[in-house]
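Visitor: this one's sequence-less:
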Ligand SMILES: Nc1ncnc2c1ncn2[C@@H]1O[C@H](COP(=O)(O)OP(=O)(O)OP(=O)(O)O)[C@@H](O)[C@H]1O
Ligand SMILES: [Mg+2]
């Protein structure tokens, strides 16, 4: 064994009923490097990391893992922590009802004479947060944080273990660009301290900013392990999907028609706290067959806006919503759907999936009315149509009766998208729809969005990925501090312009319809 | 996309793993059925065969009906993420009311009416009382958003009081010949065979119709032999059961009522939106809400159905016991809940089947019945039943973990 190798995978194989998630994986990771792992949804990335973190203990997989030259036979997650291996999971694992500090020290609270030493707990966790410049307060309730801040808290939790090996499974899928840059800084700092880092992402550009070498997995098999220097985004894509991809965004042939949805000077407040104004003046209109992108920083009120439009969050205090020329009041998602509005929610785990049900039941859930009278659900029609949508975005699973929770993260996201595609709305709201989805499938989803728009469906797409917003939208509405700042046409929009508007650094915001 | 092996291929290709999936999903139910058979065999030898004699076999199923009817609704309540502690007392209250109508009310107000009419009216009153109580309770839980635990706990006390008021502390007779038929009589043997025949025909016809429908939608069919085998087995069970109870006195009336209810409610659970929504709400309330599901309406309906079932259970109870008393239905809610949990219903919501709860109910009754026959002192009956319940669920948890 070479001396600078910290981890070595030898013929690691992991099978689930009906699926081989990992097939003879062999590669090694050098001490102190940042090692990227990429691959399509369901390629086996998370499974491999869960083995390394003790989630799937020794004996539930075949093959061997060497850690510092020693056979690593983990029996539990706890033991992995003892070995200095810490992981930030793909899905958030925080307890929402307690504070950031409590979450960071969950299970290892500092005690004095058998009693939790709260002062020390909060002081220590605040230290960890500050040491890595994480902009979160130790005493805030996790429930009140946005997804981005939750992700920061997860990272702080892992870092508080004094890990020698830090695994990050898609840490940036919910982060804005600024937050991503901040994370990169942290990782570089850790590297200086000799921490080895394993980094998973579907945003391929990130690998070239931060990693030293990259391993590509495809369908559970190891394709390559190479230094980052000799690779390029195109080469990575080719290794991942097995063929070349010429463009990232398919060309649409969209011809926006008449206005279908109009929002005029909308104001809304948090239903639980009337001092908290979550929308402070948003105006826009949306045409049939058009894709309207909404750009803005984390916390600029984009999700709050669409949740309010969908009737599920804000209490509207001022302003109007008009659908097809008529003013409407939407009080629940049920009503929104009756008007022909559907929404792919931002948080799939919380708002999108019923994890303990099959893919089939998840996809058909919002659309059962189509297959049923009050007395019967036509389950054959249900299966047929669900299969059609599942196939159209290539959900990877043994069959539609597999539990949603057994899918890889990206495939779970696809289930949520399939569900809402099936509802055939007039207006489709998509809140960060491609979060955690691989490049190949993103392309498929873009194609579907184009198709829908060509059929006259109006789409609102929120995304933190500026390239995606620029690549897919006909017009782009920029939000800043819970207001709509301006709506740009595709031709006039640039990355710089959007960022300037989103950060409020451009002078004199102009409200435009 | 070039998706190789494992993308969804349900409609086009034969999928061998689907059958395996179905088996895995139902593993727990099979284990439970095996456990029940094991208990039967054990008692069979302990009681020199008396336990499975036609007479005791017949009694065993009759004994389970009152709480089993409650369990049917309780499954839906727990799956939806709620609990109902009032079912025992509600059924008890219904039984007392029905007894009161049978013994006094009709005699006072409709002295000349034929017994058939008054008996039918009594039953109707019972069902109505149960359902109305369900309406009130469902409204409080769904629309006033009082947690079901508190609402139904309060109900339990209220109903206890109402029972005392209705009975004035006395026992009311409900043993009129026509009324007793409901829970004490048997279906004539020939009629029993005819029913079995009809059921078998319906099973086969619906199997073929199901296959045809699937074929129409281009869905891969399971091999013919599999469906045939399954349907033949089910029909075999029906005939076997009818044969054995006919050796004694025929199909027990209350068991017939229970079976009809189980069939109807299983259908509701699996094949209607109400059922599907209930499972989704229990599985992830937020996701269900954002899918446009009317959670309050759904919750309300579930509690109304639960109330109706308590009505049925109460009528059967009155007829079974032959009188209404102040103790009617006390503690039955716990039997109903235990049967659900034993049958695989998750206390966290979202998971559970009515069939499982029936097996759970049968196991609990089998235990009590067997221990009684063996003349085990009642103190020990409690100890053993409690231990078995906890052990069974522990074994189930261990099985889930290694899965
Ligand atoms: N608990 C499980 N039971 C059954 N199958 C599973 C389970 N966990 C993962 N799988 C399967 O193993 C395969 C690999 O999943 P994994 O989560 O490792 O993918 P991934 O590379 O992390 O994908 P993504 O980019 O979507 O997160 C998938 O096909 C998935 O369906
Ligand atoms: Mg993953």
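Guide: Arrived safely, thanks for sending. Everything numeric in this text was worked out from a predicted model, so none of it was measured. Numbering: from 1, shown residues only, chains lettered A, B, ... in the order given. Ligands and ions are numbered 1, 2, ... in the order given.
Visitor: Quick check, residue B:63 in contact with residue B:364.
Guide: No - at 10.0 Å, residue B:63 does not count as touching residue B:364 under the criterion of C-beta atoms under 8 Å. Using the backbone N, CA and C atoms, a C-beta is placed for each residue, glycine as well.
Visitor: next one: phi and psi at the residue lying farthest from the centre of chain A?
Guide: Outermost residue of chain A with respect to the C-alpha centroid, by C-alpha atoms, centre = their mean, is residue A:113; its distance is 42.0 Å. Phi and psi for residue A:113, reported as degrees, to the nearest 10, are phi 50, psi 40.
Visitor: State the distance from it to chain B.
Guide: Taking C-beta to the nearest C-beta, to the nearest Å as the measure, residue A:113 falls 35 Å from chain B.
Visitor: right, and the helix or strand after the host helix or strand of residue B:205?
Guide: Here residue B:205 sits within helix B:189-216, counting by DSSP states H and E. Remark: after helix B:189-216, the chain's next helix or strand is helix B:224-248, criterion DSSP H and E.
Visitor: That next one: how far from the chain's middle?
Guide: Computed by C-alpha atoms, centre = their mean, to the nearest Å, the separation of helix B:224-248 from the middle of its chain amounts to 20 Å.
Visitor: same deal with stretch B:347-359?
Guide: In this view, stretch B:347-359 has its centroid 10 Å away from the chain centroid, taken as C-alpha atoms, centre = their mean.
Visitor: can you tell me which residues contact residue 195?
Guide: I went with chain A, as the question did not name one. Neighbouring residues of residue A:195 by C-beta atoms under 8 Å, 6 or more residues apart in numbering or on different chains: A:32, A:163, A:164, A:165, A:166.
Visitor: not quite, I wanted chain B
Guide: Residues in contact with residue B:195, defined by C-beta under 8 Å, 6+ apart, are B:187, B:242, B:251.
Visitor: swap the cut-off to 6 Å and go again
Guide: Residues in contact with residue B:195, defined by C-beta atoms under 6 Å, 6 or more residues apart in numbering or on different chains, are absent; none qualify.
Visitor: how near is it to residue B:241?
Guide: Distance of residue B:195 to residue B:241, computed by C-beta to C-beta, to the nearest Å: 11 Å.
Visitor: and if you look at residue B:339?
Guide: In this structure, residue B:339 and residue B:241 are separated by 20 Å, where distance is defined by C-beta to C-beta.
Visitor: Neighbour count: these two, which is higher?
Guide: Neighbours were counted for residue B:339 and for residue B:241 using other C-beta atoms under 10 Å in any protein chain shown; residue B:339 has more, 29 against 17.
Visitor: wait, doesn't that one sit right on residue B:361?
Guide: Yes - contact status for residue B:339 versus residue B:361: in contact at 3.8 Å, counting by C-beta atoms under 6 Å.
Visitor: got any residues that touch both of the two?
Guide: Applying C-beta under 6 Å, 6+ apart, one finds that residue B:339 and residue B:361 are jointly contacted by residue B:71.
Visitor: Sketch out the helices for the stretch 1-150 of chain B, chain order is fine.
Guide: Secondary structure of the stretch 1-150 of chain B (DSSP state H, counting those that start in this stretch): helices at B:16-25, B:27-46, B:54-79, B:87-100, B:106-109, B:115-142, B:148-167.
Visitor: elements contacting the fourth one?
Guide: With contacts defined as 3 or more C-beta pairs under 6 Å, 6 or more residues apart in numbering or on different chains; DSSP states H and E, the packing partners of helix B:87-100 are helix B:115-142, helix B:148-167, helix B:295-321, strand B:323-324, helix B:332-342.
Visitor: For residue A:374, grab the count of nearby residues.
Guide: 7.
Visitor: Next: residue A:278.
Guide: Summarising burial for residue A:278: neighbours were counted as other C-beta under 10 Å, giving 20.
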